[in-house]
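In: The following comprises the amino acid sequence and a computationally predicted model.
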Amino acid sequence: MKRFILPALLCCTPAGASVAYAAQEDVVSSGQVFRVDDSGTVVLDPVLEMEWQPPGRSGTTSLVAASTRVSVQLNLAAWVGRTGRIYMTLPRTPGPTVRATWRTGGTLLPGTVISGDRTLVYAGPVTSVALRDLIDIALEADGARLTQPEALAFGFEIELDQ
C-alpha cells in the first residue's frame, strides 16, 4: 500500500504572525474579525502518514486519509464579556484540496472544513480567558495530486457581535 506523509502543522500559527486573512482591522458585515491566539494548542501526532482509501463503487480511488487528535487551547482573554462566533480556518495550499472533519469533546462544535474556507466551531458569549477542547480530526486529500509533503496551518478567528 502506497503512503504519503502529510506533516500536519495543525493549529499552531503564532498569534500576531502575518496571515493572509482576518487581519485585526478587517471588518465584515456582522462584526470585527480577529485572529485567535492558539499557541497553547498541541497536535498529539503532528506528522501523519496518509494512506490510500479502499476503492468505491467505481473500483478505483485516489483518496488518501489520516487522522490525529488535537488538544485545542484558545486564548480569549481579549474578548471576555463579548459575544461572537469562533471559526476554524484552513488556508489553501498549492497542493490538493484537503477536507478536515472532526469530532469534539463538547466545548467546540463538530464539523468539516475544506482548504481555503472556515467553519463555525463556537457561537455565544466568551465567559473565560481560555477555551479548551480535545478534537479527533480526520484529513482527506486527492492522493493523485499529493506529490510532496504538505504543511497545514489550521487557525482560529473570532467574529465579534457589534
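Out: Arrived safely, thanks for sending.
In: give me the low-pLDDT residue ranges for this protein?
Out: Residues of the chain that meet the criterion pLDDT under 70 lie in 1-30, 56-61, 147-148.
In: Break down it into its strands, ranges please.
Out: For the chain, the strands defined by DSSP state E occupy 3-7, 27-28, 31-35, 42-43, 47-52, 63-75, 83-90, 98-103, 111-114, 117-125, 130-142, 155-160.
In: Figure out the length between the terminal residues of stretch 31-42.
Out: This stretch, stretch 31-42, spans 29 Å end to end (C-alpha to C-alpha, to the nearest Å).
In: again, but for stretch 79-92
Out: Taking C-alpha to C-alpha, stretch 79-92 runs 28 Å from one end to the other.
In: Please enumerate residues in contact with it?
Out: If you take C-beta atoms under 8 Å, 6 or more residues apart in numbering as the criterion, stretch 79-92 is touched by 19-22, 31, 34, 36, 74, 98, 100, 108, 111, 113-129, 131, 152-161. C-betas here are computed from N, CA, C, even on glycine.
In: could you dump the strands of the chain to TSV with mean neighbour count?
Out: Listed next are these as TSV, based on neighbours: other C-beta atoms under 10 Å:
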stretch	mean neighbour count
strand 3-7	16
strand 27-28	10
strand 31-35	19
strand 42-43	18
strand 47-52	17
strand 63-75	19
strand 83-90	21
strand 98-103	20
strand 111-114	16
strand 117-125	16
strand 130-142	18
strand 155-160	22
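In: measure the nearest residue to residue 77 once chain neighbours are set aside to residue 121 for me?
Out: Residue nearest to residue 77 in three dimensions, not counting chain neighbours: residue 129, with 4.2 Å by C-beta to C-beta, 6 or more residues apart in numbering. Plainly put, residue 129 is 18 Å away from residue 121 if you go by C-beta to C-beta, to the nearest Å.
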